[in-house]
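Engineer: sequence unavailable; structure follows:
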């Protein structure tokens, strides 16, 4: 419902209603509309401000959060925790605790929804047989460890979603070729429960298998709801496969991608592929459409700024936070959360190197793009019925934010929701930077808004780009300098996690 401020009769009808009915009506509208209603007149504004349920709804929306399921806290307690959380993020005033993780050599790790997972018992150069899940402590939970020294097979990588009690193990086994036959690799995905290492009950089959041509030099897997994405590469090129893991059924199979593609989900039915070229662009795909077509359907190409002759943008990869469902994780992992990251609160970070015509690397950059931007142009491509090509000037200035340099971290999971953590090392120590891109939504708060963050100034890279690069995406930055030496930082919903190796060589996590 949207109240038209040009008509005085509509507000007067609302104001004539009993207050409890007015509150009930306001509780049913979407939060952006609720905020607009607060601007209609003083009486409606006072009703919203004085009703905890409505102000809590607005504050959740402003922080990019949604109400958690299964939490028994009262509304007042949730509201208090929400404001305490906001204060901690705005000033980086967290309370630090240490949490040890397994020592020894391990080849893969993951951080999702408060669970830090790492492989154990390395069985070969790039395969393990064991795994440990560290359920990290929080304000109402001391943490716990779930460990399997041998899951029953060797695996190369894994992906998790604690809210589905799901872990997906990736196994890659070379097939010995006969004379004059090409090299092949047998790929198997094991679908297990995180807590018990049993076949997952939602999966009709306990494994997904396929044979790919060539070796698997590197691979990543990602989970989004009922979908698994698998990208692998070798010297010849890349391959992308996406399945509905519950059936299982193959949704996308692209076995012959060009070399050095990278991939990230936008939603459970949309994804992006990027590759370096002279005119670099980001490709946006959906997995199917209403006409019954299957496979990867190109919906939009978003072009980056045009480079000078001989210059090049080297795209290193794209990173976003993990996807989880709105359901609470099993009680043995942690208690239900009072609030969770909203599905639409998501950014993507593109890592690039910029090369001048003499092929000397000039600098590195991070390009931040909101997930809603990708969805916007996917919808435009669907409406047109064919893929659209969007020049930089028509999308990039308004919808990107550029940061000079890389993340400064040896660890992934430096993005969660609409926040990005970055570590810089200076003569005074380490400088921890938090970039918050949930600013436009937060500014919808009625006159509660503070200082409006300004767009970042124009960047001048005249040896690489034909024109100066400017951008208008808003961001709020918080900086803290510290003397402690960490190998990197990861970020979770309500945690900053510094990773370091102690003098005893025992790795540990320090949660802030």
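Structural biologist: Sure, I can see it. Please read these numbers as outputs of a predicted model, since none were measured by experiment. Residues are numbered from 1 along each chain as shown.

Engineer: separation between residue 199 and residue 248?
Structural biologist: 12 Å (C-beta to C-beta, to the nearest Å). C-beta coordinates here come from the backbone N, C-alpha and C atoms, glycine included.

Engineer: residues contacting residue 285?
Structural biologist: 252, 270, 271, 272, 273, 296, 297, 298, 299 (C-beta atoms under 8 Å, 6 or more residues apart in numbering).

Engineer: more neighbours: residue 199 and residue 248, which one.
Structural biologist: residue 248 (19 against 14; other C-beta atoms under 10 Å).

Engineer: the residue nearest to the more buried one when sequence neighbours are not counted sits in which helix or strand?
Structural biologist: Spatial nearest neighbour of residue 248, chain neighbours left out: residue 208 (4.9 Å); criterion: C-beta to C-beta, 6 or more residues apart in numbering. Using DSSP states H and E, residue 208 falls within strand 207-213.

Engineer: name the helices or strands packed onto that strand?
Structural biologist: strand 184-193, strand 238-244 (3 or more C-beta pairs under 8 Å, 6 or more residues apart in numbering; DSSP states H and E).

Engineer: go again using 10 Å as the cut-off
Structural biologist: strand 166-175, strand 184-193, strand 227-233, strand 238-244, strand 249-257 (3 or more C-beta pairs under 10 Å, 6 or more residues apart in numbering; DSSP states H and E).

Engineer: measure the residue nearest to residue 248 to residue 191 for me?
Structural biologist: For residue 208, the distance to residue 191 - C-beta to C-beta - is 7 Å.

Engineer: common neighbours of these two, please.
Structural biologist: 168, 228, 245, 248 (C-beta atoms under 10 Å, 6 or more residues apart in numbering).

Engineer: as a markdown table, those with pLDDT would be great.
Structural biologist: Putting the shared contacts of residue 208 and residue 191 into a markdown table (pLDDT from 0 to 100) gives the following:
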| residue | pLDDT |
| --- | --- |
| 168 | 98 |
| 228 | 97 |
| 245 | 97 |
| 248 | 92 |
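
Engineer: turn these into JSON lines, including distance to residue 183.
Structural biologist: Shown next, in JSON lines, are the shared contacts of residue 208 and residue 191 (distance: C-beta to C-beta, whole Å):
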{"residue": "168", "distance to residue 183": "25"}
{"residue": "228", "distance to residue 183": "24"}
{"residue": "245", "distance to residue 183": "27"}
{"residue": "248", "distance to residue 183": "25"}
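
Engineer: now, among the contacts of residue 285, which is nearest to residue 61?
Structural biologist: residue 270 (23.3 Å; C-beta to C-beta).

Engineer: pick out the residue closest to the middle of the protein.
Structural biologist: residue 321 (1.7 Å; C-alpha atoms, centre = their mean).

Engineer: wait, it sits on residue 492?
Structural biologist: Yes. With contact defined as C-beta atoms under 10 Å, residue 321 and residue 492 form a contacting pair (9.0 Å).

Engineer: for the nearest residue to residue 205 once chain neighbours are set aside, what are its contacts?
Structural biologist: Among residues not flanking residue 205 along the chain, residue 248 sits closest, at 5.8 Å (C-beta to C-beta, 6+ apart). Residues counted as contacts of residue 248 (C-beta under 10 Å, 6+ apart) are 189, 191, 203, 204, 205, 206, 207, 208, 209, 226, 228.

Engineer: name the strands paired with the helix or strand following the strand holding residue 208 and say parallel or antiparallel.
Structural biologist: For strand 207-213, the following helix or strand on the C-terminal side (DSSP H and E) is strand 218-224. Within its sheet, strand 218-224 is paired with strand 227-233 (antiparallel), according to DSSP bridges.

Engineer: count the neighbours of the closest residue to residue 193 other than its chain neighbours for me.
Structural biologist: Closest residue to residue 193 apart from its sequence neighbours, by C-beta to C-beta, 6+ apart: residue 165 at 5.1 Å. By other C-beta under 10 Å, the residues close to residue 165 number 21.

Engineer: repeat for residue 482
Structural biologist: Residue 482: 15 neighbours (other C-beta under 10 Å).

Engineer: residues contacting it?
Structural biologist: Residue 482 sits next to 92, 423, 428, 429, 430, 431, 432, 498, 512 when contact means C-beta under 10 Å, 6+ apart.

Engineer: what subset of the residues you listed is buried?
Structural biologist: Neighbour counting with 16 or more other C-beta atoms under 10 Å marks 423, 430, 432, 498, 512 as buried within the contacts of residue 482.

Engineer: so the second one lies in a helix, does it not?
Structural biologist: No. Checked against DSSP: H, G, I helix; E, B strand; the rest coil, residue 430 lies outside a helix; its state is strand.

Engineer: how close does residue 164 get to residue 195?
Structural biologist: Separation of residue 164 from residue 195 (C-beta to C-beta): 11 Å.

Engineer: equivalent analysis for residue 213, please.
Structural biologist: 36 Å.

Engineer: rewinding a little: neighbouring strands of the strand holding residue 208 in the sheet, and parallel or not?
Structural biologist: strand 184-193 (antiparallel).

Engineer: tell me which of the contacts of residue 285 is nearest to residue 351?
Structural biologist: residue 272 (13.6 Å).

Engineer: which neighbours do residue 199 and residue 248 share?
Structural biologist: 191, 205, 206, 207.

Engineer: so what's the last one bridging to?
Structural biologist: For residue 207, the beta-bridge partners are residue 190 (DSSP bridges).

Engineer: just the one 4 residues further on next, same as before
Structural biologist: Beta bridges link residue 211 to residue 186, judged by DSSP bridges.

Engineer: mind pulling up the pLDDT for it?
Structural biologist: Residue 211 carries a pLDDT value of 92.

Engineer: again with residue 108
Structural biologist: 88.

Engineer: what's the neighbour count on it?
Structural biologist: Counted with other C-beta under 10 Å, residue 108 comes out at 18.

Engineer: and residue 495, by the same measure?
Structural biologist: Neighbours around residue 495, by other C-beta under 10 Å: 19.

Engineer: just confirm it contacts residue 416, I think it does.
Structural biologist: Yes. Contact criterion C-beta under 10 Å: residue 495 and residue 416 qualify, at 9.0 Å.
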